[in-house]
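Asker: Predicted model, plus sequence, below.
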Amino acid sequence: MTGLGFSALLLIIGVFFGSRAQKKHVANLAAREAALSHMFVTNLRTLPATEKPPLLVTGSVVIAFDYFRRFIAGFVMLVGGRITMYETMLDRARREALLRLLEQAEAAGAREVHNVRYEFSRVGHTTKGGAELLAYGTAII
C-alpha cells in the first residue's frame, strides 16, 4: 500500500512541476515570438529576387515523453479519443523549432524566411524516449 501511495505522490509532484515548467515555457515562447514578429515567414516555394544568395536555416528541438503523459495516453488509447497532452506538447515543440529557425535567420541578417517545412522523427524506444522536431527554410538576406 505504501508503494502505491509513494507512486501517487510522485505522480502528483510530477504533474505540479511539469505544469509549472510548461507555463513558464509558453510565456517564454510568447515573448520570443513577439520579439521576432517583424520576420516574414511563408511556406511558399518561390523565392523573391535577391542580390545575396539564399541561406538554409534550421531549428531543431528534442522533446521527451514523460511518464505521466505516457500513462494518460495509454489510458486514452484504451477508451479512444484525442490525446490533448501530446497535442500541447507537440505544439510547444513546433513553436520552439520555428523560433530557433527565426533566431538563426535573424543572426545571419535575414529579413524573411520562405519555404518553411517541418520534419518529425521518434528518438529512442517506441514506448519511451521522445521525438525530434526539425523546422527548416530558406532565409533571404
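Answerer: Perfect, I can see it now.
Asker: Pull stretch 133-140 out as CSV, backbone CA atoms only.
Answerer: The C-alpha trace of stretch 133-140 is given here as CSV (Å, rounded to 0.1, in the frame of the first residue of the first chain):
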residue,chain,number,x,y,z
LEU,A,133,11.0,18.2,-34.5
LEU,A,134,13.1,20.0,-37.2
ALA,A,135,12.0,23.2,-38.9
TYR,A,136,13.9,24.3,-42.0
GLY,A,137,13.6,27.1,-44.5
THR,A,138,15.3,29.4,-46.9
ALA,A,139,16.4,32.8,-45.5
ILE,A,140,16.6,35.8,-47.7
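Asker: Number the residues from 49 up from this point.
Answerer: Sounds good: first residue 49 from here, last item stretch 181-188.
Asker: can you give me how far that stretch is from the chain middle?
Answerer: Chain-centre distance of stretch 181-188: 14 Å, with C-alpha atoms, centre = their mean, to the nearest Å.
Asker: Run through who's touching the worst-scoring helix or strand of the chain on mean pLDDT.
Answerer: Of all helical and strand segments in the chain, the minimum by mean pLDDT, DSSP states H and E falls on helix 115-127, at a mean of 75. Outside of helix 115-127, the residues within contact range by C-beta atoms under 8 Å, 6 or more residues apart in numbering are 59, 62-63, 66, 130-131, 133-134, 137, 175-176. Just so you know, the C-beta spots here come from the backbone N, C-alpha and C atoms, and that holds for glycine as well.
Asker: All the strands of this structure, residue numbers only.
Answerer: Ranges of strands in the chain, per DSSP state E, are 88-89, 103-112, 160-171, 178-188.
Asker: between those strands, which gets nearest to residue 55?
Answerer: strand 103-112 (19.5 Å; C-beta to C-beta).
Asker: Check which strands are paired with that closest one and give the direction for each one.
Answerer: When pairing is defined by DSSP bridges, strand 103-112 lines up against strand 178-188 (antiparallel).
Asker: and the strand it pairs with, which residues are buried?
Answerer: For strand 178-188, a neighbour-count test (16 or more other C-beta atoms under 10 Å) marks 178-179, 181-188 as buried.
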